[in-house]
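> I would like the atomic coordinates for the input below:
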Amino acid sequence: MTLAELQALHSLPFFDLLKRSHAVHEENFPDGKIQLCTLLSIKTGGCSEDCSYCAQSAHYKTELESQVLLEKEEVMKHARDAKDSGSTRFCMGAAWKGVRGGTPKFEQVLDIVREVATLEMEVCVTLGELGPEEARQLRDAGVNAYNHNLDTSPEHYPNIVTSHTYADRLRTIRNVQDAGMSVCCGGILGLSETITDRLRLLEVISNFNPHPESVPINSLMPMPGTPMAHNPQVDPFDLVRMIACARIAVPTAKVRLSAGRDRLSDEVQALCFFAGANSIFYGEKLLTGENPTAEADRKLLAKLGLETLDPNCAMEAPKHDHAQPASPACTTAGCC
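Predicted coordinates:
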């Protein structure tokens, strides 16, 4: 979609926008089921990147305690607990700039992935920048999806991160797609961005070829010690509008209601599900942030009559449309 098209959507009266997004959602996900994902930090803190929102950056003085890469047995305990509680996708995140093939840490990650893949859950990782060979090795080890968010628009991005570029992010996404893995790519609301920045993010993502398999929409969780520690909370209606626009812009992707849910009422979350969200992070912790309890989520889904998806470990990555240009592509001159 173009920015102009997204702006026209976003400016619709609230309920008109929701009616349109819900119709798109029903057309592409007629069963209305919700995907439950669990996210575990397998290496915490001490990151060399300077993302202004992140407590794991070594550039800021935060209260976060750094943690080396977890041993496989510890990760497997968390993965089994996630499966037992109902999660069907297990996501592992490591706070570092990226991975390099042949290093002991990367070999350790590959070993962990192979073991987690035996649990018949979907396997997702987020490890920072990724080269083509590392992407192939992760795919061969059993990774179904790779998370690499763009965070915001290409124009606003340099205000948020300076230690890597938008082009670096896009290059990793291209490597993931070329390796045959699904892409999980979204952004964060509340980074002092404008509405245009939010819609530019969706414009870039909606022009990926192939489309991402999932689009997480996060609300900033201000972390003490970071430059964005005092940013205001995202307006709940703005969040619902973004969910609706994402559903229309990327109709076949799962739209994940991600960070910040612990500050949302049941009623706002219900609006998000109606607008097109059909995936959540499930469990009490999101890397370093808080999340609703599994019990609270089960009660909410039961009240709404929403069932949950089964794992699809054999899922194929979305296919490239050869009639369209390959993605990702940045449409702003000079941003890449």
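> residues contacting the most centrally placed residue in the chain?
In the chain, the residue lying closest to the centroid (C-alpha atoms, centre = their mean) is Pro216, at 3.7 Å. Listed by C-beta atoms under 8 Å, 6 or more residues apart in numbering, the contact set of Pro216 reads 147, 149, 184-187, 256, 258, 279. C-beta here means a position set from N, CA and C on the backbone, and glycine is covered the same way.
> how about a cut-off of 10 Å?
37, 39, 91, 147, 149, 184-188, 246, 253-259, 277, 279-281 (C-beta atoms under 10 Å, 6 or more residues apart in numbering).
> Please flag which of these sit within strands.
Judged by DSSP state E, strands contain the following of those: 37, 39, 91, 147, 184, 187-188, 254-257, 277, 279-281.
> Pick out the lowest-pLDDT one from these.
For the ones in strands among the contacts of Pro216, the weakest pLDDT value sits at Phe281, with 87.
> ok, what's across the strand from that one?
Cys37 (DSSP bridges).
> what about it, how many neighbours?
Phe281 has 26 neighbouring residues, counting by other C-beta atoms under 10 Å.
> what does Asp16 give?
12.
> This structure: helices as residue ranges?
Secondary structure of the chain (DSSP state H): helices located at 3-10, 14-28, 72-85, 104-116, 132-141, 166-179, 195-206, 236-249, 266-275, 294-304.
> Tabulate those (a markdown table), appending mean pLDDT and distance to Thr62.
Below are those laid out as a markdown table (pLDDT from 0 to 100; distance: least, C-beta to C-beta, whole Å):
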| stretch | mean pLDDT | distance to Thr62 |
| --- | --- | --- |
| helix 3-10 | 98 | 34 |
| helix 14-28 | 98 | 36 |
| helix 72-85 | 93 | 23 |
| helix 104-116 | 95 | 23 |
| helix 132-141 | 97 | 29 |
| helix 166-179 | 95 | 23 |
| helix 195-206 | 98 | 25 |
| helix 236-249 | 98 | 25 |
| helix 266-275 | 97 | 28 |
| helix 294-304 | 92 | 27 |
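> Of those, which is nearest Asp50?
When the helices of the chain are compared by C-beta to C-beta, helix 166-179 sits nearest Asp50, at 13.3 Å.
> buried residues in that closest one?
For helix 166-179, the neighbour count (16 or more other C-beta atoms under 10 Å) marks 166, 168-177, 179 as buried.
> Reformat the helices of the chain into CSV and put distance to Asp50 next to each item.
Formatted as CSV, the helices of the chain follow (distance: least, C-beta to C-beta, whole Å):
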stretch, distance to Asp50
helix 3-10, 28
helix 14-28, 35
helix 72-85, 27
helix 104-116, 21
helix 132-141, 23
helix 166-179, 13
helix 195-206, 19
helix 236-249, 25
helix 266-275, 31
helix 294-304, 33
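> Next up, the contacts around Phe273.
Taking C-beta under 10 Å, 6+ apart as the test, what Phe273 contacts is 22, 25, 32, 34, 240, 243, 255, 257, 280, 300-301, 304, 306.
> swap the cut-off to 6 Å and go again
If you count contacts by C-beta atoms under 6 Å, 6 or more residues apart in numbering, Phe273 has none.
> If I follow the layout properly, Ala55 ends up in contact with Thr62?
Yes - counting by C-beta atoms under 6 Å, Ala55 does reach Thr62; the two are 4.3 Å apart.
> Give me the more crowded residue out of the two.
Ala55 (23 against 18).
> Now the more buried one: closest residue in space that isn't a chain neighbour?
Among residues not flanking Ala55 along the chain, Met223 sits closest, at 3.8 Å (C-beta to C-beta, 6 or more residues apart in numbering).
> Could you give the number of residues near the one you found?
Met223 has 21 neighbours, counted by other C-beta under 10 Å.
> Check what pLDDT it gets.
With respect to pLDDT, Met223 scores 88.
> How about the one 4 residues further on?
Per-residue confidence for Pro227 comes out at a pLDDT of 92.
> Quick check: the gap between it and Cys54.
Distance from Pro227 to Cys54, counting by C-beta to C-beta, to the nearest Å: 10 Å.
> and if you look at Gln269?
Distance from Gln269 to Cys54, by C-beta to C-beta: 24 Å.
> One more: Leu127?
Distance from Leu127 to Cys54, by C-beta to C-beta: 15 Å.
> same check, this time on Arg174
Distance, Arg174 to Cys54, using C-beta to C-beta: 24 Å.
> Same question for Ala4.
33 Å.
> Give the full set of residues in contact with Pro292.
Contacts of Pro292 by C-beta under 6 Å, 6+ apart are 261-262.
> just His320 next, same as before
Applying C-beta under 6 Å, 6+ apart, the residues near His320 are 209-210.
> how much space between it and His230?
Look at His320 and His230: by C-beta to C-beta, they are 43 Å apart.
> ditto for Ser87
From Ser87 across to His230, the span is 33 Å (C-beta to C-beta).
> So for those two, which sits in the more crowded spot?
Using other C-beta under 10 Å, the more surrounded residue of Ser87 and His230 is Ser87, with 24 against 8.
> Setting aside sequence neighbours, what's the nearest residue to the more buried one?
Nearest to Ser87 is Thr38, by C-beta to C-beta, 6+ apart, at 4.1 Å.
> Might you report the residue contacts of that neighbour?
By C-beta under 6 Å, 6+ apart, the contact set of Thr38 is 82, 87, 90, 282-283.
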